[in-house]
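**Q** heads up, no residue letters with this:
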């Protein structure tokens, strides 16, 4: 077995790690695809050499003595904030039988996948995650995230841009009137409210009416399909309703552009509160399908904690739904799909 073979001699020369003998080059480069071959010599990156030394596949020497694993590890990690994270993921993939190569201090290449390496404590934002998916140099590759937690365990995620599309064609065109309360709008016209609910699953029916969420009501007002009055009978126009939302429910206006965009995509959109997200979305009427998406709206420049990402993905996986981060980038709505994978 290879592991029982005598370690290959590698030399540290002017801060470069070199293997010169053809037999050693064949074992390390031809078989394991490690290192870069230049002028019949194999040059190892420090991280590669650390892995090979830990696996006892090489013996590293300089002009005078043998270099220990501890010495090389310290030298390789010096001044590189992400070294231990990338090394743990590199080693994990190698031990799984894969042959990753190193692109830069954060990124590994693995067949048709890029693996971006993060620690649990690393800060990230939606903009940064979007950029991982949009790098023009790697458009044809899949994007993975390797995440190392504080105990050194590794979780892998697939991340990609997503265009959620629904199948709702029977759009609501009826005009209705509703009464504004503190947290919802109530409709009482039985014929119209049932059509509203049946066509696009707006609101929640009760015996004598239909209760709309405030975000549904705002959307219908903007579509000129809903007139709102106070319990006193005084009409509330859209500007007054928006002022009401700004004062009492500003989070609704923050989430509204995503809601509106999802509706334009022919999806049924309902609250995702029970799942710990902002929205759940159906590609067809709930009578025919379960919600396919859980959508969490985020501020694109806000730092996201990786535990927040993990919670969302785990919940979506548990209920067999697709988890999406949604945010507005200039005038465009971006959806990031994240799912857990096992390489």
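**A** Arrived safely, thanks for sending. Since this is a predicted model, take the numbers as computed values, not measurements. Numbering: from 1, shown residues only.
**Q** So for stretch 291-304, mean pLDDT?
**A** Averaging pLDDT along stretch 291-304 yields 95.
**Q** what's the answer for stretch 271-282, then?
**A** Computed over stretch 271-282, the mean pLDDT rounds to 96.
**Q** Quick one: end-to-end length of it, please.
**A** From its first residue to its last, stretch 271-282 covers 11 Å (CA to CA, to the nearest Å).
**Q** Just the buried positions in the longest helix along the chain, please.
**A** In the chain, taking DSSP state H as the definition, the longest helix is helix 250-264. For helix 250-264, burial by neighbour count (16 or more other CB atoms under 10 Å) applies to 252, 255-256, 258-263. The C-beta positions use only the backbone N, C-alpha and C, and glycine is treated the same way.
**Q** Repeat that for stretch 307-324.
**A** Under the neighbour-count criterion of 16+ other CB under 10 Å, stretch 307-324 has 309-310, 312-313, 315-316, 321-324 buried.
**Q** next one: stretch 215-226
**A** 215-221, 225-226.
**Q** so where does the residue lying farthest from the centre of the chain fall, helix or strand?
**A** Most distant residue from the mean C-alpha position of the chain: residue 64, 49.3 Å away (CA atoms, centre = their mean). For residue 64, there is no enclosing helix or strand under DSSP states H and E.
**Q** swap in the one 10 residues further on?
**A** Secondary-structure element containing residue 74, defined by DSSP H and E: helix 69-77.
**Q** circling back to that earlier point, which strands or helices does the longest helix of the chain pack on?
**A** The helices and strands touching helix 250-264, judged by 3 or more CB pairs under 8 Å, 6 or more residues apart in numbering; DSSP states H and E, are helix 214-222, helix 238-248, strand 268-271, strand 279-282, strand 293-297, strand 322-329, strand 332-341.
**Q** Give me whichever of those is most buried.
**A** When you average the neighbours per residue for each of these (mean count of other CB atoms under 10 Å), strand 293-297 leads with a mean of 25.
**Q** and the direction of the least confident helix or strand in the chain by mean pLDDT versus that of helix 214-222, what angle?
**A** Across the helices and strands of the chain, the lowest-confidence element by mean pLDDT, DSSP states H and E is helix 190-200, at a mean of 87. Orientation check (axes from the mean of the first three to the mean of the last three CA atoms, to 10 degrees): helix 190-200 against helix 214-222 gives 100 degrees.
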